[in-house]
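Enquirer: need a structure here:
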Amino acid sequence: MQVLIDRFITLLKWPAAVYMFISLPALVQSVYYFNFASLKYMALFGGFFLYFIMRQMADSSVKTSMQIIAHELTHAFFALLTLHKVKHIRVEADDSGGSMGFEGEGNWLIIIAPYFFPLFGFFFMLFISFYTSFAPMNLILNGILGYFVGYHMDTVASQIHEKQTDLPKVSYRFCWLFLPGANLWIVGSILAFNSRGWDGVFMYSRLINMLNVKNFDYVLNLVF
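Expert: Have a look, this model is predicted:
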């Protein structure tokens with residue numbers, strides 16, 4: 001089963017990259033569909049800016065260690081999702097990097113996951129879903145979610161550089177095609193979740209597909 005999953009994910013690699021690339025206009029257009037004047041979004045943006053304020057106050061070594069840990073845990077999370085047994089997770093004592101070992105050949109999703117997937121934010125979204133099953137949503141939770149959005153964006157930005165060993169493994173061409181759209185899609189999905197929970201995420205995905213169709217029709221009419 002593990003091998004079949006890896007082969008299936010391998011088949012999806014370039015289609016996923018092309019889809020994210022051609023979705024870039026729709027992802028940008030989708031910003032106009034959010035009601036940023038609502039209290040929920042004000043709380044989220046408050047948490048977002050609070051992260052960057054606290055970032056300036058935090059010890060740089062602690063911040064680096066947390067980013068490395070989050071990076072390796074995200075590798076491990078996607079390894080487990082694709083049925084690979086994780087053998088070890090290591091962080092270098094000098095905070096120069098880390099490593100994660102797993103059984104099997106692996107796939108591109110395991111390699112690239114830390115560069116677009118907000119692991120801590122995702123688990124906080126699951127916590128919100130659990131919490132709101134017996135208590136109402138409140139602005140504090142929206143603010144904390146915004147904090148994790150800031151953490152995700154800062155972490156991704158700090159990890160994408162020419163010395164990063166993961167990126168050449170999937171090819172820089174793939175990264176240029178896939179990562180910008182994937183990160184915009186993730187952030188847009190979190191914004192949608194902030195407003196309407198998981199229903200908002202599904203609505204956001206449908207919106208992107210609708211905008212893609214409209215943009216495709218527009219280009220066809222322009223050409224022909």
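Enquirer: where do the strands sit along this protein?
Expert: 86-91, 98-102 (DSSP state E).
Enquirer: residue nearest the centroid of the protein?
Expert: Most central in the chain under CA atoms, centre = their mean is residue 117, positioned 2.8 Å from the mean C-alpha point.
Enquirer: Can you name the residues that contact that one?
Expert: Counting by CB atoms under 8 Å, 6 or more residues apart in numbering, residue 117 touches 74, 77, 78, 186. In short, each C-beta sits where N, CA and C put it, glycine included.
Enquirer: Only the buried members of those residues: can you turn that into a PyMOL selection?
Expert: For the buried members of these, the matching PyMOL selection, counting by 16 or more other CB atoms under 10 Å, is:
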select buried, resi 74+77+78+186
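Enquirer: quick one: the residue nearest to the centre of the chain and residue 32, what's the gap?
Expert: Per CB to CB, to the nearest Å, residue 117 is found 26 Å from residue 32.
Enquirer: Please apply the same query to residue 14.
Expert: As judged by CB to CB, residue 14 and residue 32 stand 30 Å apart.
Enquirer: Neighbour count: those two, which is higher?
Expert: The neighbour count for residue 14 versus residue 32, taken as other CB atoms under 10 Å, is higher for residue 14 (15 against 6).
Enquirer: Count the neighbours of residue 4 for me.
Expert: Per other CB under 10 Å, the neighbour tally for residue 4 reads 9.
Enquirer: Tell me who's in contact with it.
Expert: Residues in contact with residue 4 (CB under 8 Å, 6+ apart): none are found.
Enquirer: Tell me the pLDDT of residue 62.
Expert: pLDDT, residue 62: 64.
Enquirer: packing partners for the helix or strand of the chain with the lowest mean pLDDT?
Expert: Least confident helix or strand, the chain: strand 98-102 with a mean of 78, by mean pLDDT, DSSP states H and E. Helices and strands touching strand 98-102, by 3 or more CB pairs under 8 Å, 6 or more residues apart in numbering; DSSP states H and E, are helix 60-81, strand 86-91.
Enquirer: Now render these as a markdown table, adding distance to residue 113.
Expert: Listed next are the helices and strands packed on strand 98-102 as a markdown table, based on distance: least, CB to CB, whole Å:
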| stretch | distance to residue 113 |
| --- | --- |
| helix 60-81 | 4 |
| strand 86-91 | 13 |
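Enquirer: Compare the ones you listed and give me the one nearest residue 181.
Expert: Residue 181 lies closest to helix 60-81 among these, at 18.2 Å (CB to CB).
Enquirer: Taking their axis directions, that closest one and strand 98-102 sit at what angle?
Expert: 10 degrees (axes from the mean of the first three to the mean of the last three CA atoms, to 10 degrees).
Enquirer: Spit out the contact partners of the nearest residue to residue 10 once chain neighbours are set aside.
Expert: Distances taken as CB to CB, 6 or more residues apart in numbering place residue 107 nearest to residue 10, at 6.0 Å, with adjacent residues excluded. Applying CB under 8 Å, 6+ apart to residue 107 gives the contacts 5, 6, 9, 10, 82.
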